[in-house]
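A.B. asks: need a structure here:
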Amino acid sequence: MKPAIAPDATSPAEARWVEGELARELLRTQRNTQTVGVLLIPVLLVILWQDVSRVALVAWAAATATVAGVRFAALRQYVRHVARGGPGAQVAFLRRWSLVWPATAVTWGASALLFYERAPVAEQFVCWLVLAGLAMFALITLCGHLQTMRQYLDALALTVIGVMAWRIVGDFGYVPRVQHAWMVILLLIFWQVLRQAGLRQHETLRKNYELQYRNEQLIDSLRRQTTAALDAVEIKNRFLASAAHDIRQPVHALGLYADWLGSEPELVHEIAPKIVESTKAVNALFDSLFDLVRLDSGKIKLNVETLRLDKLLHDLELHYRPLAEAKGLEFRVHAVPGTVTSDPILLQRIAGNLISNAVKYTHAGGVLVAARMTPGGARIEVWDTGVGIAPAHQHEIFREFYKVPGHAGTEDGFGLGLYIVGRLCHILGHPLQLASRPGRGTVFRVLVHPTDPRDAAARATSTVDRLKQGSVEFLEAQVLDDASGAPPPAAASTA
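C.D. replies: Residues are numbered from 1 along each chain as shown. Coordinates of the predicted model:
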């Protein structure tokens with residue numbers, strides 16, 4: 001099992017998630033911070049009521065309260081419609097309402113018009129503390145979104161500096177005063193300190209979310225690997241149980257026939273065919289198991305070359321025609337001349353398994369094996385008039401050791417044939433199509449697209465990793481159900 005590796009810090013998925021969580025963190029705290037800001041409005045009213053123009057003071061309070069009301073409305077909309085949304089929704093909402101925060105800062109910065117060089121020094125000092133507190137409070141609560149924080153701090157500082165410049169120039173006629181210069185210098189220093197502190201706070205918060213994202217990815221990766229390991233153990237247990245069950249009967253029969261032949265050698269002509277059949281069953285199981293081991297190791301050997309499709313099917317006919325005729329089935333081969341690029345041994349294994357299944361599950365009628373050259377490329381078709389496969393089982397049959405419940409003939413199979421077919425088709429790049437109607441028959445179509453050796457080797461290796469996440473996930477994309485293509489009852493007897 002490969003160790004889990006944390007995703008790249010610059011990956012788009014991580015960047016989107018982090019931006020979304022930073023926006024969520026900012027918006028999550030804004031209701032409480034806005035409440036504090038609203039409560040400070042009457043504080044300034046009380047402090048300045050006796051010393052400044054009450055009309056101007058009430059006008060400022062009304063403007064500030066109006067902007068606060070807009071922020072409350074935005075936050076209410078956020079809680080109702082966006083709070084549980086994804087990262088994209090969080091960022092989009094913050095971008096849509098981004099001007100609300102600098103507007104709030106402008107109204108608070110405009111309060112300097114009321115008290116700067118107008119109120120007594122003590123009241124001015126308290127008002128400056130309120131503005132400084134708001135600026136530091138904004139640094140803490142808005143640092144999640146760097147642009148919003150900077151817009152707020154810049155709007156607040158520039159508004160205050162503008163008010164101070166207007167008062168100095170307009171009311172004092174360019175007469176320089178040391179205290180004015182020091183006030184502006186201190187304000188500029190304080191502004192830049194807050195911007196730098198906000199930047200560091202933002203970077204710290206961002207790194208925390210990046211670490212959280214990677215930890216969650218690591219935990220998810222470990223969870224998947226643990227699940228894959230448990231699934232592998234379950235598959236291995238199922239493999240051993242099925243193999244032990246399937247091999248017990250022919251091996252036990254071989255022992256009985258051998259004892260029987262030892263005690264009654266004159267029955268050799270009667271017993272020998274039964275020994276041969278039991279031996280074939282054991283060999284068939286071991287062939288399937290060896291194929292399975294090679295596939296699951298990802299080290300299957302490929303020998304891609306150009307081959308004649310009609311010759312391949314006629315070679316298979318020599319092996320399977322006697323089996324079909326022994327069951328009283330008609331066996332037909334219709335193969336047009338043509339060449340394909342594939343692995344001849346693996347392609348023969350695919351076609352052989354499909355033909356074997358067709359013969360096994362057909363009890364009347366026949367089997368048709370066809371090779372056709374179409375505009376879309378060559379394809380192999382195996383038609384039968386057998387029991388058919390219900391739609392509920394048409395994906396499941398490609399799982400290892402799966403046997404369709406109630407199908408006559410499944411007791412003699414190992415549930416590996418179609419699983420191996422699906423795996424080999426995926427590796428060779430030959431899409432597999434299935435159409436079936438229960439009680440009428442089945443057709444499998446293998447689209448023999450040209451096989452690229454390097455792509456096939458890569459698929460053979462990658463399939464092993466994908467198999468850990470689900471034994472048939474990669475097959476579901478390959479097997480195309482086409483109910484309209486189900487064969488008629490006499491499909492095997494009509495080419």
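A.B. asks: Just list what the lengthiest helix in the chain packs against, helices and strands only.
C.D. replies: Longest helix of the chain, by residue count under DSSP state H: helix 178-263. Judged by 3 or more Cβ pairs under 8 Å, 6 or more residues apart in numbering; DSSP states H and E, helix 178-263 is in contact with helix 12-48, helix 121-142, helix 146-172, helix 268-297, helix 453-469. From N, CA and C alone the C-beta is placed, and that goes for glycine too.
A.B. asks: Off-centre distance for it?
C.D. replies: Its chain's C-alpha centre and that of helix 178-263 lie 13 Å apart, by Cα atoms, centre = their mean, to the nearest Å.
A.B. asks: out of the helices and strands packed on helix 178-263, nearest to Leu94?
C.D. replies: helix 12-48 (4.6 Å; Cβ to Cβ).
A.B. asks: Buried residues of the closest one, list them for me.
C.D. replies: 14, 17-28, 30, 33-34, 37, 40-41, 44, 47-48 (16 or more other Cβ atoms under 10 Å).
A.B. asks: Please state the offset of that helix from the chain centre?
C.D. replies: Worked out by Cα atoms, centre = their mean, helix 12-48 lies 34 Å from the chain centre.
A.B. asks: Got the domain ranges for this structure?
C.D. replies: 12-223, 305-493 (automatic domain parsing).
A.B. asks: Pick the most buried one from these.
C.D. replies: Comparing the domains of the chain by mean neighbour count (mean count of other Cβ atoms under 10 Å), domain 305-493 ranks first with a mean of 18.
A.B. asks: what mean pLDDT does that one have?
C.D. replies: Mean per-residue pLDDT for domain 305-493: 76.
A.B. asks: Same check on stretch 85-92?
C.D. replies: Here the average pLDDT along stretch 85-92 is 89.
A.B. asks: which intervals of the stretch 1-150 of the chain have sub-threshold pLDDT?
C.D. replies: Residues of the stretch 1-150 of the chain meeting the criterion pLDDT under 70: 1-10.
A.B. asks: Using the three-state scheme, assign the closest residue in space to Val369 that isn't next to it in sequence.
C.D. replies: Computed as Cβ to Cβ, 6 or more residues apart in numbering, the closest residue to Val369 that is not its neighbour in sequence is Val333, at 5.0 Å. Following DSSP: H, G, I helix; E, B strand; the rest coil, Val333 is assigned to strand.
A.B. asks: Quick check: Val333 touching Asp315?
C.D. replies: No - in this structure, Val333 is not within contact of Asp315 by Cβ atoms under 8 Å, at 10.4 Å.
A.B. asks: mind listing what Met149 touches?
C.D. replies: Residues near Met149 by Cβ atoms under 8 Å, 6 or more residues apart in numbering: Ala138, Leu139, Leu142, Cys143, Gly198, His202.
A.B. asks: unless I'm mixing things up, the second one is touching Leu153, no?
C.D. replies: To tie it back to what came earlier, the one meant is Leu139. Yes - assessed by Cβ under 8 Å, Leu139 is found in contact with Leu153 at 7.2 Å.
A.B. asks: Need the overlap of contacts for those two.
C.D. replies: By Cβ under 8 Å, 6+ apart, the residues touching both Leu139 and Leu153 are Leu194, Gly198.
A.B. asks: Asn303 belongs to a strand, doesn't it?
C.D. replies: No - in this structure, Asn303 is coil, not part of a strand, as judged by three-state DSSP.
A.B. asks: Quick one: neighbours of it, just the number.
C.D. replies: Neighbour count of Asn303, defined by other Cβ atoms under 10 Å: 10.
A.B. asks: Can you give me the separation between the closest residue to it other than its chain neighbours and Leu418?
C.D. replies: Spatial nearest neighbour of Asn303, excluding adjacent residues (Cβ to Cβ, 6+ apart): Asp343 at 5.5 Å. As defined by Cβ to Cβ, to the nearest Å, Asp343 lies at a distance of 19 Å from Leu418.
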